[in-house]
Structure formats: C-alpha cells, structure tokens
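> Below is the sequence, then the predicted model.
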Amino acid sequence: MSTEAMKLLSVAIAIAVGAIAPALGIGMIGSKAVEALGRNPEAESAIRTTMILALAFAEAIAIYALVVALILKFA
Amino acid sequence: MSEEKVIEETAKGGIKILTEMPKISIKAEAVTHLFGLAITNSMIASAFVFLLTIFVALYFKHQSGLKKKGNFYYLIKFFIKSIYDLFKSVLGDKTPVFFPLLFAFFFYILLQNWFGLLPGVGSFLIKVVEEHEEVFIPILRGNNADLNTTLALAIISVFSIQFFSIKFLGIKKYLHKFFNFSDPIAFFVGILDILSEFSKILSFAFRLFGNIFAGEVLLTIVAFLVPVLASFPFIGLEIFVGFVQALVFSMLTAVFISGAIAEHH
C-alpha cells in the first residue's frame, strides 16, 4: 500500500471510529432530555441549558477526532 | 507552486485528478511581516471584528444616554437581556460580577464566527512571496479558524476562572482544593484537579477551533462539489453553529466559575 493511500485510510479511520461514541452519547442525551421534558414540561429552559452543555461535552470528543483527521489530511 | 505543477506532480504519483481541489491550509498564513512579527490573515480579520465590537459597545453606550433610542439599541438590549437570564440560571445572584466578562466572550466570539461567513472572507486572494515562490493566499480568514486565537481565548477564560476562585475563596482555600494532605484519596483527587485545569485550556481551544475550522472546510468542499445553491443550507447551519459555539464557550466559563467559587465541604 502506498504512503498516500495509507494516509487517506488513516484520515477515514480517525474520523469514523472517533465519531461512534459521541454519536451514541448525543443520541442518549437527546432522548433523556425529551423524556425529562415529557415528564416535566415547565422545566424546559433548565433542561435546554443542561442539554446544550452536555451536548457540547459529548461533541467535543468528535471534534478532537475531526481535528486529528484534518491535520492528517491537510498538514 | 503553480496549478499545472500540482496536477502534473500528482499525476506522476499515480493518482489522477480531474480538477484541482481547493487549497485548504490548517494554519493562518502570513500576509506581511512587521518588525519580524508575522501579520497573518486571521489577525487582519480579527482587527476588523475588534473595531466592530468596540464600535457597537460605544454606540450602545451613546444610545443609552439619549431620550429617544433607536431600534438598534433595543435589539442589542433584547440580546443582552436574554443572555443575562440564561447566565442567571447558572450563577444566581453573583451574575452582575461576572456578566461583563462572559458577555464580552459571547459577543466577540459570535461576531468572529459570523464575520468568517461573510462573502469575501477566504475568497479574496493576495499574492505573496513565500520562500522565493509566489503563492496566493486569502487576505482574510475567519479568526476562530486559527488555533492561536482560540488558544488565547481559552487561556484568558481559564486564568479568569483561577482569578475569581482566589478572589472569592482566598488563596488558602484555593490551594487547599489542589493540595490536600488529609488522606491519600483527597491528595490524588487534587492532582487530578490540577490536570483538569490544564485540560480545560485544550478542551476550550480545540472545541472552538474544530467547530469553526470544520465549518469552513465543509463550506469550501461543498462549494467545490456543487457550485450552485448547495451551499445555502450549510451556511444556515454554520450561522447556527457559530451562535451555539459562542454560547457554549461563555456558558462553560460560567459553569466553571460557579464551580470554582463554591465553598467545598
């Protein structure tokens, strides 16, 4: 396998594997937030704030993988 | 390196390309040098945003003293009010102390993110000589798509968290949080806390940089794949992402501050 192909493959693997766990995490956060909203509709603003914060934390992991992939690809 | 050269060289390497891919640089390029200091394209963009922020702030202050206020005043005021209420749910009655810092973060990052989406930013090119070769680089670059900027913002944020922690708890209690010799577990947790303060800097910096830079790459690639109309939904997405990231940055700072000034039991 040539170096160029290996590099492209490593970019793909970095973002693909790195996105699995955050995707599951974000799905769980969303489902639990909707559940909480259904149980307690008047707490909407508090739930939204907490949810966005939790999303940001989960998403950050995917962003790390993305940054690594972008560095591999363009640097 | 000229365009034909790029295509020729890649063709020699065994890979055929039909059109030249848009050039994407992960770091900000130097436009000119001033006393040995490289003036990068993101610094030029940040100067514009800086002046804009100052102008909006001064204009708002000027308007607040007038009897008859313009629509702009009420727009900004509505903005500030909504954000204030959001921070109030995190910081409680200490909100007025921290609000100037947090809103400055929010507003500056928001303007930077949206400035990077304006047409012309990243597409106006300028010719510079780099290592005896003429290259074309964009004269403006979305400022948060430069890791230096986000790192600077992250360092300001984390240092102000430490500053407020010392100010509200006192230096003794502040150090006690990190160096606790009462039992081995507390000592180990203290060491982890020190590490987590440093990882906050990295986390802040990479979150903002990654989101905004990925957005720029996305827009460039989509415009390259489908030149007409396809970019519109993505620009809408990027406007939303820019807003959310500005909110997340200031909100996380608020949450960390409220954690840092809380008394430990």
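Alright, I've got the coordinates. Residues are numbered from 1 along each chain as shown, chains lettered A, B, ... in the order given.

> Can you tell me the SS state at B:Met33?
Residue B:33: His, not Met. strand (DSSP: H, G, I helix; E, B strand; the rest coil).

> Is it correct that B:Val135 is in contact with B:Val128?
Yes - using CB atoms under 8 Å, B:Val135 is in contact with B:Val128, at 6.2 Å. For glycine as for every other residue, the C-beta is placed from the backbone atoms N, C-alpha and C.

> Secondary structure element holding residue 53?
I'll assume chain A. Assigning secondary structure by DSSP states H and E places A:Leu53 in helix A:44-74.

> not quite, I wanted chain B
Applying DSSP H and E, one finds B:Thr53 within helix B:41-64.

> quick one: average pLDDT of that helix?
Throughout helix B:41-64, pLDDT has a mean value of 89.

> Determine whether any part of it lies close to chain A.
No - applying CB under 8 Å from any CB of the partner chain, one finds helix B:41-64 separated from chain A by no less than 15.8 Å.

> can I get the CA coordinates of that helix in PDB?
The C-alpha coordinates for helix B:41-64 follow below in PDB (Å, rounded to 0.1, in the frame of the first residue of the first chain):
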ATOM      1  CA  ASN B  41      -4.700  36.900   7.500                       C
ATOM      2  CA  SER B  42      -6.600  35.900  10.600                       C
ATOM      3  CA  MET B  43      -5.100  38.800  12.500                       C
ATOM      4  CA  ILE B  44      -6.300  41.300   9.900                       C
ATOM      5  CA  ALA B  45      -9.800  39.800  10.200                       C
ATOM      6  CA  SER B  46      -9.700  40.000  14.000                       C
ATOM      7  CA  ALA B  47      -8.700  43.700  13.800                       C
ATOM      8  CA  PHE B  48     -11.900  44.300  11.800                       C
ATOM      9  CA  VAL B  49     -14.000  42.400  14.400                       C
ATOM     10  CA  PHE B  50     -12.300  44.100  17.200                       C
ATOM     11  CA  LEU B  51     -13.100  47.500  15.800                       C
ATOM     12  CA  LEU B  52     -16.700  46.400  15.200                       C
ATOM     13  CA  THR B  53     -17.000  45.200  18.800                       C
ATOM     14  CA  ILE B  54     -15.700  48.500  20.100                       C
ATOM     15  CA  PHE B  55     -18.000  50.500  17.800                       C
ATOM     16  CA  VAL B  56     -21.100  48.500  18.800                       C
ATOM     17  CA  ALA B  57     -20.200  48.900  22.500                       C
ATOM     18  CA  LEU B  58     -19.600  52.700  22.300                       C
ATOM     19  CA  TYR B  59     -22.700  53.200  20.100                       C
ATOM     20  CA  PHE B  60     -24.800  51.300  22.600                       C
ATOM     21  CA  LYS B  61     -23.400  53.400  25.500                       C
ATOM     22  CA  HIS B  62     -24.100  56.600  23.500                       C
ATOM     23  CA  GLN B  63     -27.700  55.500  22.700                       C
ATOM     24  CA  SER B  64     -28.400  54.500  26.300                       C
END
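
> just checking, next helix/strand downstream of that helix?
Next element after helix B:41-64 (DSSP H and E): helix B:71-91.

> can you pull the buried residues of the longest helix seen in chain A?
If you go by DSSP state H, chain A has its longest helix at helix A:3-39. Buried positions in helix A:3-39, judged by neighbour count with 16 or more other CB atoms under 10 Å in any protein chain shown: A:11, A:14-15, A:18-19, A:22, A:25-26, A:29, A:33, A:36.

> same question, stretch B:115-125
Neighbour-count burial for stretch B:115-125 [16+ other CB under 10 Å]: B:115-117, B:121-122.

> Could you do stretch B:134-144 as well?
B:137-144.

> May I see those residues organised as a markdown table, with pLDDT and secondary structure added?
Shown next, in a markdown table, are the buried residues of stretch B:134-144 (pLDDT from 0 to 100; DSSP: H, G, I helix; E, B strand; the rest coil):
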| residue | pLDDT | secondary structure |
| --- | --- | --- |
| B:Ile137 | 80 | strand |
| B:Pro138 | 81 | strand |
| B:Ile139 | 81 | coil |
| B:Leu140 | 83 | coil |
| B:Arg141 | 83 | coil |
| B:Gly142 | 81 | coil |
| B:Asn143 | 82 | helix |
| B:Asn144 | 84 | helix |
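
> Closest one of the buried residues of stretch B:115-125 to B:Ile76?
B:Phe115 (17.1 Å; CB to CB).
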